[in-house]
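> Fold the following, please.
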Amino acid sequence: MNSHPIRHGSPLSGAGATPITSVVFDLDGVLVNSFAVMREAFTIAYAEAVGEGEPPFEEYNRHLGRYFPDIMRIMGLPLEMETPFVRESYRLAHLVEMFDGVPELLAELRHRGLRLAVATGKAGPRARSLLDTLGIHRYFDVVLGSDEVARPKPAPDIVLKAMESMSADPDRTVMVGDAVTDLASARGAGITAVAAMWGETDRETLLAAEPDVVLHKPAELLSLCPVVTAP
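Here you go, the predicted model:
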């Protein structure tokens, strides 16, 4: 497996490149491995709101990155699933794990002077609660959920709002995501779209969306993010 970022299009480092000063992260599948918890919460919510039968979690998984109610509409499932899904997600939050290297990556990025944000398909309060549980909320300038913007991903609203909160320069900002919706949101906001390949993402679909940069492990992001110097 490649141990360095794969760049497509304009280089992000080297002579003449503009150094990155801000990073927007998706949450699930990028910073945290929450798939087992999501599967259990989805299964319980399906049983409560729909009844018997096999919960279509694999289909749900293909829509990750979107706001939960939007996924329910796309899948033709009852919106009543949201209440038990959120309840169980809070109950099981202590079982969510960070991907290897994520705490070290965030600490080093902050040490280098970068501004960091989370822009997630989760609701904002649940995302911030999870980051508090994991002890990494302090690394982020802003954490935004899909319930806090007019249009969730794949629209650019959540990325634009995160950038505004950080006073981020679009030419010096990247978004790291594991779903096509993340890449679309980044491009709509006019920033570099970075694909995170270390989770349970649909690799072929994500690569077919032609991300600007492909990362195979969190630490590879550091090569794109030198120490921020004063202008």
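
> hey, let's count contacts and neighbours off CA atoms from now on
Will do.

> For the residue nearest the centre of the chain, give me the pLDDT.
A centroid search over the chain (Cα atoms, centre = their mean) returns residue 26, at 1.2 Å, as the residue closest to the centre. The confidence metric pLDDT takes the value 97 at residue 26.

> Give me the phi and psi for it.
With angles defined as degrees, to the nearest 10, residue 26 shows backbone torsions of phi -70, psi 170.

> Let me see the domain layout of the protein.
6-33+97-224, 35-95 (automatic domain parsing).

> So for the closest residue to residue 148 other than its chain neighbours, what's the pLDDT?
Closest residue in space to residue 148, ignoring its immediate chain neighbours: residue 124 at 6.7 Å, by Cα to Cα, 6 or more residues apart in numbering. Residue 124 carries a pLDDT score of 96 in this model.

> and what of the one 5 residues further on?
Predicted confidence (pLDDT) for residue 129: 96.

> Can you tell me the SS state at it?
Classification of residue 129 by DSSP: H, G, I helix; E, B strand; the rest coil places it in helix.

> Compute the number of surrounding residues for it.
14 (other Cα atoms under 10 Å).

> what about residue 24, is that helix, strand or coil?
Residue 24 ends up strand, using three-state DSSP.

> Quick check: residue 80 touching residue 46?
No - Residue 80 is beyond contact range of residue 46, at 9.2 Å (criterion: Cα atoms under 8 Å).

> which of those two has more neighbours?
Set side by side, residue 80 and residue 46 show unequal neighbour counts under other Cα under 10 Å, the larger going to residue 46 at 24 against 15.

> quick one: which helix or strand includes the more buried one?
helix 35-49 (DSSP states H and E).

> All set, thanks.
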